Structures are given as C-alpha cells and as structure tokens.
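Chemist: sequence first, predicted coordinates after that:
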Amino acid sequence: MKILLIEPAKPLSAIGGEDVFIFEPLALEYVAAGVIDEHEVKILDLRLDKELKPTLTGFGPDIVGITAYTLHVNVVKSLFEQIKAWDVNILTVVGGHHATIVPEDFMSPFIDLIVIGEGVFAFKEIVGRFKKGEPFDGIPGVAFAKGNSLTITNGQSITDLDAFPFPDRSLTKKYRQYYYSEWMKPLASMRTSKGCPYRCKFCAQWKTAEGRYLKRNPERVVEELAGIEEECVFFADDESLIDASRMTRLAQLIKEAGIKKRYFLYGRSDTITKHPDLLRDWREVGLERVFVGIEFFRDEDLANIRKQSTSNDNEQAVRILHDLGIDVYASFILRPEFTRRDFAALRKYCRQLELSYASYAVLTPLPGTDLYQEVRDQLIIHNYDYFDFIHTLLPTTLPLKEFYTEYHDLYMKGIALKKQLALLQKFPLKELPHLLVKGGRFYRRLKATYQDYEN
C-alpha cells in the first residue's frame, strides 16, 4: 500500500504560525513509523512544499492521512475534497488535536475515517484492514459517519509512551534544514512526556491525556536523542520539567552519553522556582532556551485561568534563568478586556523583567477547553481560520483599531532596544535582511488585523 501523510499549511487569513516558526511534523513521523515496515510511506509538508497535485500524481497513494489543529479544520476539509476529486477510491483519514476534541467537525463526504487520540496503533489497524478489504468497525479510537450521525468507538487508553516506535525522521529529510524556531535552525523535535497535571482553563492538553502526566523512560529518550542529527532539539512536551527527579536523571544520562546538543523546552515558572538546581544541571548539558508561560502579570488574572502559579513565581523564574545564562521565551496572554492602561502596565512589566524575547497571544477559547464552554455564546467569530491566537474571538473593550495598535506597540516597546539588538546577534549575519523583512511584514499585518472584522 502507498500511504501519503500530510502536514497542512495555515489558512491565508491566519497570522503567525509558519511565518514565525516551523517545527517538524512529529505526529506524522510517529504514525509513519507504525506502518513503514510493510508499506511505502511519504510525508508531504505543505508549509514548505505546495506540490499536492504533483505528489498525488507522482506517488499515487492508496491512503491519505492529514493531521489538524483547530486552525486547520477548513484547510484540511478542502484538501480532502481535492484528494477525492483526484481519486475517489483513496481512503481519507484525519487525525490530530482537533479531531480528538471535536470529531464532529470532520463529518464530510470527503473524509472516510476520523482518528481520535494517539493515532499510531489505530492507523496501523486501519491500513491493515483496508488492505484486506475488511470493515473498520470496532477499531479503538476511530470514528466514521453512518448516515447523518457519527459512530465513535472508545479509544485505547495509552499509558506507556515507550510502547511507541521512534518517529521516522528519514521521511522528512528533504525538509529538515528548514525546521526552526527563531535562531535555532535546523531544529529537531522529540517528545519525552505527554499531558500535564494542571488544569488551566484555556488549555485542553490535560484533557486529551485524560488528566495524567505520562513520561518516557529516560534511557529510551537518550537512545532516540543519540540518533538525531540536528544540533538543536526542541522537546515537544506539554510541560517538560514537572517531574524534577526524572529530568535530573535524563540530564545525567545525556552527560554520560557524551551527547552535545542545544535544547529548547517548556517549563512552568513555579517548577523553575522550586528546582533551580535542575535548571543548572540542564544548562550544563546544553539547555539554551526555556519557553515560560508567564501568561499574566497580575495574580487575579492568573487565578482566573487556574494557572496555579503567581506573579512572584514568574519573576523568580526569569531571574533564575537569566542568572544561569538561559534564554527566556516569555509568553503572555492579552485579555480582550485590556484597556490602554493595561497595555501600558504590561509593557512596563516586560521592561522590568529585562526580557530579550516575548510573544503575546490573545486569550483564545479553543474548542475542548473549559474557557470555550464558559464564553462560547460571546464569540464574535466562529470561523476556525481565525483561531490563530492573534485574532480576538471575543469583544474587546477598546475599539478594534486601538486594540491592535496597542498590541503592535507591545512588540515594538515591550523589549528594550538594546535587548532587541543583542537578540539579533544570535542570528547568522546573512539571515538578518530576510529576518527584518519578514518581521516588518508580520508587524504591519498585526497592526492592520482590525480590518479583518470590517468584511
């Protein structure tokens, strides 16, 4: 059987995404690893490669699988329509985060099967049955339309991440030099854990893991890590540092194995504050950058989203990382209710933290989150193409033009100029012209976002 797996591009109306960073399609590499021993598999990354029809013609797949976040729902449904128009006999399968959270959104005459949850074993079973001409009833974690309703089987409860094969990175060889996050390029990705024990109401990741925090064996992580060619590695975990003893052990094993990499991972501020020695250990083995979800600078806002960390945690974590020489990727959330005074206070706060890099996302009620259930009747946009964390989905206190002017000014003024210039030194000199052009395009688009609501 010939199997084509597709990573979709964002919709044209969306802002950010692959305009800012591109991570390798790890989920597809995992799915591919489950079937590649018996079948011919190809990965098409449409963020970098627009050749859908030539690929269909040249490869001639029997099965096409596409993964999707909420932002990709409409794009993916359109892709499947094109695929079925090319050959109606192709088996079409969708999976990923949104399919797991809201499978009903993929009820379409152009989509044959919907995979819910971890897809490696379900997809392998789908492929096997399709080859034999057998029905798909009863496969755990698979849904399909019967008439006007969706038949859903209970998914497998995955508790052992080490049961999965290593992702097959050979299938993305032609793209790997283009995977990056800012100056870390080329950048490989790997998973060491899944889930989160916290219950933030703007996040659904803890729900997809059924409230558990699942961890891979450190020895297995090191074994996979040793096979990664890239110098830079991103840990694509929901949160990497929660189990401090496990991560201490992993750092020790990396050191003993003599693996030299530059790491980028997620870390909660309260975890960093409680375990500064853990960060020191990781700095010694190559930790270069930590994504810290600071979210808000006021404790009442943090409490409102059930973050279970405090502004003091945030400030201490930034100091710890700065003292260790670890770069801070600070992530903030903007509430639609923000006034000019709120924006000014946030700009001041960023300056006080002496940040070199920060990103700002509008509070976005994604389907599947408790926040979505709380405010769904207040949404001013329902089109998934705009669920990009830049477009506000809720009414703003400020007029939209003013809101996005203030939003733009956060990027312009939230980081001191000398810090911005120092950050540019991390990039290769030859990339700076392109970087500045791309950045200018992003900021102009951000400031003009209000215009999207006038149509």
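Modeler: Received, thanks.
Chemist: burial check on Met107, number of neighbours?
Modeler: 15 (other Cβ atoms under 10 Å). All C-beta atoms are positioned from the backbone trio N, CA, C, and that covers glycine.
Chemist: repeat that for Tyr30.
Modeler: As a measure of burial, Tyr30 has 19 neighbours, counting by other Cβ under 10 Å.
Chemist: for Glu210, same thing?
Modeler: For Glu210, using other Cβ under 10 Å, the count is 13.
Chemist: which SS class is the closest residue to it other than its chain neighbours?
Modeler: Nearest non-adjacent residue to Glu210, counting by Cβ to Cβ, 6 or more residues apart in numbering: Ser157, 7.0 Å away. Here Ser157 is coil, with the state taken from DSSP: H, G, I helix; E, B strand; the rest coil.
Chemist: same question, Lys418
Modeler: With three-state DSSP as the basis, Lys418 sits in helix.
Chemist: hmm, Val120 and Tyr30 touching each other?
Modeler: Yes. Shown here, Tyr30 and Val120 form a contact pair, counting by Cβ atoms under 8 Å, at 5.4 Å.
Chemist: quick check: neighbours shared by these two?
Modeler: 164-165 (Cβ atoms under 8 Å, 6 or more residues apart in numbering).
Chemist: the stretch 351-455 of the chain: helices as residue ranges?
Modeler: 370-375, 400-413, 417-424, 432-447 (DSSP state H, counting those that start in this stretch).
Chemist: do the same with the stretch 51-200 of the chain
Modeler: Under DSSP H, counting those that start in this stretch, the stretch 51-200 of the chain gives helices at 52-59, 73-86, 97-101, 120-132.
Chemist: show me what counts as buried in the last one.
Modeler: Think helix 120-132. Across helix 120-132, burial judged by 16 or more other Cβ atoms under 10 Å covers 120-127, 129-130.
Chemist: any idea how far the spatially closest residue to Ile381 that is not a sequence neighbour lies from Ala163?
Modeler: Nearest residue to Ile381 in three dimensions, chain neighbours excluded: Leu393, at 5.2 Å (Cβ to Cβ, 6+ apart). Distance, Leu393 to Ala163, by Cβ to Cβ, to the nearest Å: 37 Å.
Chemist: the two: which is more packed in?
Modeler: With neighbours defined as other Cβ under 10 Å, Leu393 and Ala163 compare such that Leu393 has more, 23 against 10.
Chemist: now do the contacts for the more buried one.
Modeler: Applying Cβ under 8 Å, 6+ apart, the residues near Leu393 are 362, 364-365, 379-381, 386-387.
Chemist: Ala226 too?
Modeler: 257, 259.
Chemist: wait, isn't Tyr357 in contact with Ile415?
Modeler: Yes. Contact criterion Cβ under 8 Å: Tyr357 and Ile415 qualify, at 7.1 Å.
Chemist: list residues touching both of those two?
Modeler: Leu423.
Chemist: look at those two and report which has more neighbours.
Modeler: Ile415 (22 against 17).
Chemist: for that one, give me its contacts.
Modeler: Counted by Cβ under 8 Å, 6+ apart, Ile415 has contacts 350-351, 355-358, 423.
Chemist: domain ranges for the protein, per the record?
Modeler: Per automatic domain parsing, the domain ranges recorded for the chain read 2-152, 170-453.
Chemist: tabulate those (CSV), appending mean pLDDT.
Modeler: Below are the domains of the chain laid out as CSV (pLDDT from 0 to 100):
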stretch, mean pLDDT
domain 2-152, 95
domain 170-453, 96
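Chemist: returning to what we had before: wait, which of the helices of the stretch 351-455 of the chain is closest to Val76?
Modeler: Val76 lies closest, by Cβ to Cβ, to one member of these: helix 370-375, at 19.8 Å.
Chemist: name the residues that touch that closest one?
Modeler: 199, 201-202, 305, 363, 365-366, 394.
Chemist: from the residues you listed, keep the buried residues only.
Modeler: If we count by 16+ other Cβ under 10 Å, the contacts of helix 370-375 have these buried: 201-202, 305, 363, 365-366, 394.
Chemist: Phe59: which of the residues you listed is nearest?
Modeler: The closest of those, once distances to Phe59 are taken by Cβ to Cβ, is Leu366, at 33.4 Å.
Chemist: ok, that closest one touching Gln205?
Modeler: No. Between Leu366 and Gln205 there is no contact under Cβ under 8 Å: 10.2 Å.
Chemist: Arg176: neighbouring residues, count only.
Modeler: 16.
Chemist: so who does it touch?
Modeler: Arg176 neighbours (Cβ under 8 Å, 6+ apart): 24, 169, 186, 188, 229-230.
Chemist: could you measure it against Asp45, distance?
Modeler: Relative to Asp45, and taking Cβ to Cβ, Arg176 is found at 10 Å.
Chemist: find the nearest non-adjacent residue to Asp342, please.
Modeler: Arg335 (7.5 Å).
Chemist: count of neighbours near Ser269?
Modeler: Ser269, neighbours per other Cβ under 10 Å, totals 28.
Chemist: hmm, I typed the wrong one, I wanted Lys146.
Modeler: Around Lys146 there are 9 residues (other Cβ under 10 Å).
Chemist: quick check, Tyr178 in contact with Pro186.
Modeler: Yes. Judged on Cβ under 8 Å, Tyr178 makes contact with Pro186 at a distance of 7.1 Å.
Chemist: hang on, the earlier thing: the helices of the stretch 51-200 of the chain: which one's closest to Phe264?
Modeler: Phe264 sits nearest to helix 97-101 of all the helices of the stretch 51-200 of the chain, at 20.7 Å, using Cβ to Cβ.
Chemist: circling back: residues contacting the residue nearest to Asp342?
Modeler: Counting by Cβ under 8 Å, 6+ apart, Arg335 has contacts 296, 301, 342, 363.
Chemist: torsion angles phi and psi at Ala416?
Modeler: Main-chain torsions, Ala416, degrees, to the nearest 10: phi -60, psi 150.
Chemist: distance of it relative to Val318?
Modeler: Distance from Ala416 to Val318, counting by Cβ to Cβ: 14 Å.
Chemist: what's the burial count for Leu429?
Modeler: So Leu429, with other Cβ under 10 Å, has 8 neighbours.
Chemist: and the gap between it and Phe264?
Modeler: For Leu429 relative to Phe264 (Cβ to Cβ), the value is 22 Å.
Chemist: quick one: contacts for Ala27?
Modeler: Here Ala27 is in contact with 67, 95-96, 119 (Cβ under 8 Å, 6+ apart).
Chemist: now for the helix or strand hosting Ala345, which elements pack on it?
Modeler: Assigned by DSSP states H and E, Ala345 belongs to helix 340-352. With contacts taken as 3 or more Cβ pairs under 8 Å, 6 or more residues apart in numbering; DSSP states H and E, helix 340-352 sits against strand 327-334, helix 400-413.
Chemist: picking up where we left off before, dump the contacts of Arg176 to TSV, plus neighbour count.
Modeler: As requested, the contacts of Arg176 are exported to TSV (neighbours: other Cβ atoms under 10 Å):
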residue	neighbour count
Glu24	26
Arg169	22
Pro186	15
Ala188	24
Glu229	9
Glu230	19
